[in-house]
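A.B. asks: just to be clear, the model below is a prediction. Sequence and coordinates:
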Amino acid sequence: MTLLDHPTSTRTLSLLKPTGHLTLGNYLGALRPMALAQPDTDGIYGVADLHALTVPHDPGRLRGLVRETMTLLLAAGLHDSTLFVQSRVPAHAELAYLLECTATTGELNRMIQFKEKGRGRSSTRCSLFTYPALMAADILLYRPAAVPVGDDQRQHLELTRDLAMRFNRDYGPVFVVPEIATPPVAARVMDLADPTRKMGKSHDDGSGIVYLLDPPDVVRRKVQRAVTDSDTGVSAVRRSPEKPGVTNLLEILEACAGPGAAAGLPTYGALKSAVTDAVVATLEPVQRRHAELAGDPGFVDEVYARGAARCRDLTEPVVAAARGAMGL
């Protein structure tokens, strides 16, 4: 019986890069749904610190962002999941190299991230070119039967499937080839200053980004400055493609306060006030729990040490099988 015989249908897997502070978009679109799925799923969630090394970075800032992300995952309610830091599970880096040995330069050269951020630049790091192999290792190590991905990540999972099938064909059946699943619809939060793009962790000066640890006065200032348009009523522009700023505010309001929360709002000023109140109320328990956990770093370290130990138990047999299959 091979490892291939044991896909895990209830396992969910996600890794977050600590390249910036987590945002309202991260919470509404990922962390909150992950927390709500407990305990019916075997959630394995990591801080992808190895992926943060693909671009120039300050080591001290990276350590701080890793610690902040660790604490925020717990503060967001992921207490019934397995939490770990990627670099503390050696199988990720080892399997990434083995998968690099099955990937081709043509495949990696076509990846969107490298085309957008690295191709043609004189100082591109090799790790930015090869990081899709690390992403594939992140997935294949945990043998999920299916991986929910949005359109922006579909190319990565297609490469993961290709590498797994090629490995199984050339060296023997080691990996489960995960299916591509359509994720449940989650809140899609756009940048307040530029509502045509997602609310990222590190866009420009951050004026359009609500971070999870922003205090209420900062949230209020950012929402008040959010892009709207020249119309005076709310109902006339509800979720209109021609009014992305107002549509974004309405969707944030309903994601935080529930369907129908925008009913009866007479002006955009009233809408912004309602959005501010809803966002502040949504973030308050997360921020309060973060403050408690930040005051007890030993507890956070213990949770992540247990998570890393479980991940090592899960992944070491997989990478050992891959080594043996390749002749090592």
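C.D. replies: Looks like it came in fine.
A.B. asks: from here on, contacts and neighbour counts on C-alpha atoms
C.D. replies: OK.
A.B. asks: mind showing which ranges of this structure have poor pLDDT?
C.D. replies: Scanning the chain with the threshold set as pLDDT under 70 gives 1-8, 115, 117-120, 185-186, 202-205, 230-240.
A.B. asks: domain ranges for it, per the record?
C.D. replies: 3-187+296-326, 216-291 (automatic domain parsing).
A.B. asks: could you point out which of these sits nearest Lys201?
C.D. replies: Nearest of these to Lys201, taken as C-alpha to C-alpha: domain 3-187+296-326 at 5.0 Å.
A.B. asks: follow-up on the earlier one: so which of the domains of the chain is nearest Thr196?
C.D. replies: domain 216-291 (6.8 Å).
A.B. asks: from the chain's centre, how far out does that closest one sit?
C.D. replies: 23 Å (C-alpha atoms, centre = their mean, to the nearest Å).
A.B. asks: hmm, back to that, now render the domains of the chain as TSV, adding mean neighbour count.
C.D. replies: Formatted as TSV, those follow (neighbours: other C-alpha atoms under 10 Å):
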stretch	mean neighbour count
domain 3-187+296-326	18
domain 216-291	18
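A.B. asks: can you lay out those domains as CSV showing distance to Gly208?
C.D. replies: Converted to CSV, these look like this (distance: least, C-alpha to C-alpha, whole Å):
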stretch, distance to Gly208
domain 3-187+296-326, 11
domain 216-291, 6
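A.B. asks: of these, which approaches Ala193 most closely?
C.D. replies: Of all these, domain 216-291 comes closest under C-alpha to C-alpha, at 5.5 Å.
A.B. asks: between the two ends of the closest one, how far is it?
C.D. replies: One end of domain 216-291 sits 15 Å from the other (C-alpha to C-alpha, to the nearest Å).
A.B. asks: and if you look at stretch 259-275?
C.D. replies: So stretch 259-275: terminal residues 13 Å apart, C-alpha to C-alpha.
A.B. asks: how far away is Pro148 from Asp217?
C.D. replies: Distance from Pro148 to Asp217, by C-alpha to C-alpha: 36 Å.
A.B. asks: give the other helices and strands that the longest helix anywhere in the chain contacts.
C.D. replies: In terms of residue count, the longest helix belonging to the chain (DSSP state H) is helix 297-326. With contacts defined as 3 or more C-alpha pairs under 8 Å, 6 or more residues apart in numbering; DSSP states H and E, helix 297-326 has these neighbours: helix 59-75, strand 82-85, helix 91-100.
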